[in-house]
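A.B. asks: no sequence on this one, just coordinates:
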């Protein structure tokens, strides 16, 4: 329906909405005041729950939707936005999502973008782009206070007034669940790690390695046996040993965690690619740069494997079943597989 004084046919709002507070709800309402319709793109849509990211995209959608009145809800659509850790690829996904909600290719589009905005040259003609100012930092501080507190309910009473009512309802119910307890322990483990590194007189950057191994129409995964991410599916891998090259470390971790019956020489012959994944926020543990190695064993039956070392289990998973595991995979490991095998078909 027409809105008095509207300037845009459609507005796109791209943000994380980690723990929606009143300013973030007002951001959405201001977009509704400037456009006839609004498409809300909720980022990091398919990541597994972590201490830093406890709620899925549907939870965040429900919180935002409950903060609007009936007329406002009728003019808002929600789109899950997969986190590729690549601004250009994310922008292409936003463009495709906007196109799904436009009546035609005409009409000005307003885009409110939280975080790092893609380069000007990447934006389509006719779009007005504005930083929306939404930041995860206030929400992260609130979560930290809950995880650190001896009595989370008392800590909650001190901060709940800053949040939207629908957020309060969601979080107050979550605090008493086993999931909160699990994430709290995960947060405390990471806090101890960061405290141990605090004495280092420079910012700490860690290096890890991972292995994407394909055999026929299967990919090799492990179940993580330790926190953070205990119980999640992941790629075989680990931290770079000081005396190793990244390839040697990748092969060593692969052998230790899966028992894959191929020699290092045989695996080197099957190496098809290496890619660095280095987004500053790809891991909740801190600044971790990983080198992902793609090994293609060819069209063979998957050889026997067995979980070892840090892996509770090792398993060959059909490639066709991997998308269904995305929300149960550690960090950005699904995206590593997607990079080599093109699982999602995203632009």
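C.D. replies: Received it, and whenever you're ready, just let me know what you need. Computed from a predicted structure; not experimentally measured. Numbers count the residues shown, from 1 in each chain.
A.B. asks: Could you pull up the residues touching residue 297?
C.D. replies: Under the criterion of CB atoms under 8 Å, 6 or more residues apart in numbering, the contact partners of residue 297 comprise 213-216, 262, 270, 303. The C-beta positions use only the backbone N, C-alpha and C, and glycine is treated the same way.
A.B. asks: Scan those residues and report the most crowded one.
C.D. replies: Greatest neighbour count in those, by other CB atoms under 10 Å, goes to residue 213: 25 neighbours.
A.B. asks: Now do the SS call for that residue.
C.D. replies: Secondary structure assignment for residue 213 (DSSP: H, G, I helix; E, B strand; the rest coil): strand.
A.B. asks: Check what pLDDT it gets.
C.D. replies: The model reports residue 213 with a pLDDT of 99.
A.B. asks: Please shift the residue numbers so they start at 25 in all later answers.
C.D. replies: Renumbered: residue one is now 25, and that last one reads residue 237.
A.B. asks: partners of it in the sheet?
C.D. replies: Beta bridges link residue 237 to residue 319, judged by DSSP bridges.
A.B. asks: pLDDT at residue 49, what is it?
C.D. replies: Residue 49 is assigned a predicted lDDT (pLDDT) of 89.
A.B. asks: hang on, it packs against residue 188?
C.D. replies: Yes. Counting by CB atoms under 8 Å, a contact exists between residue 49 and residue 188, whose distance comes to 4.9 Å.
A.B. asks: hang on, the earlier thing: export the contacts of residue 321 to a markdown table and append columns for distance to residue 213.
C.D. replies: Converted to a markdown table, the contacts of residue 321 look like this (distance: CB to CB, whole Å):
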| residue | distance to residue 213 |
| --- | --- |
| 237 | 28 |
| 238 | 32 |
| 239 | 34 |
| 240 | 37 |
| 286 | 33 |
| 294 | 35 |
| 327 | 34 |
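A.B. asks: Which one of the residues you listed is nearest to residue 276?
C.D. replies: The closest of those to residue 276 turns out to be residue 286 (CB to CB; 12.9 Å).
A.B. asks: residue contacts, that closest one?
C.D. replies: For residue 286, the contacting residues are 294, 321, 327, taking CB under 8 Å, 6+ apart as the criterion.
A.B. asks: Now do the shared contacts for residue 49 and residue 188.
C.D. replies: Each of residue 91 lies in contact with both residue 49 and residue 188 under the rule CB under 8 Å, 6+ apart.
A.B. asks: List the buried residues for the lengthiest helix in the chain?
C.D. replies: The helix of greatest length in the chain, counted in residues with DSSP state H as the criterion, is given as helix 202-221. Judged by neighbour count using 16 or more other CB atoms under 10 Å, the buried positions of helix 202-221 are 204, 207-208, 210-211, 213-214.
A.B. asks: cool, stretch 176-196 as well?
C.D. replies: Within stretch 176-196, the residues scored as buried using 16+ other CB under 10 Å are 176, 179-180, 183, 187-188, 190-192, 194-195.
A.B. asks: JSON lines please, covering the contacts of residue 286 and showing secondary structure and pLDDT.
C.D. replies: Formatted as JSON lines, the entries for these read as follows, by DSSP: H, G, I helix; E, B strand; the rest coil; pLDDT from 0 to 100:
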{"residue": "294", "secondary structure": "coil", "pLDDT": "98"}
{"residue": "321", "secondary structure": "coil", "pLDDT": "98"}
{"residue": "327", "secondary structure": "coil", "pLDDT": "98"}
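A.B. asks: Let me know the closest of those to residue 315.
C.D. replies: Taking CB to CB as the measure, residue 315 sits nearest to residue 294 out of those, at 16.6 Å.
A.B. asks: Which pLDDT value belongs to the closest residue to that closest one other than its chain neighbours?
C.D. replies: Nearest non-adjacent residue to residue 294, counting by CB to CB, 6 or more residues apart in numbering: residue 319, 4.8 Å away. Looking at residue 319, its pLDDT is 99.
A.B. asks: Residue 319 contacts residue 238, correct?
C.D. replies: Yes. With contact defined as CB under 8 Å, residue 319 counts as touching residue 238 (7.2 Å).
A.B. asks: Please report the distance of the nearest residue to residue 309 once chain neighbours are set aside from residue 168.
C.D. replies: In space, and not counting its chain neighbours, residue 309 is closest to residue 214: 5.6 Å by CB to CB, 6+ apart. Using CB to CB, to the nearest Å, one obtains 11 Å as the distance from residue 214 to residue 168.
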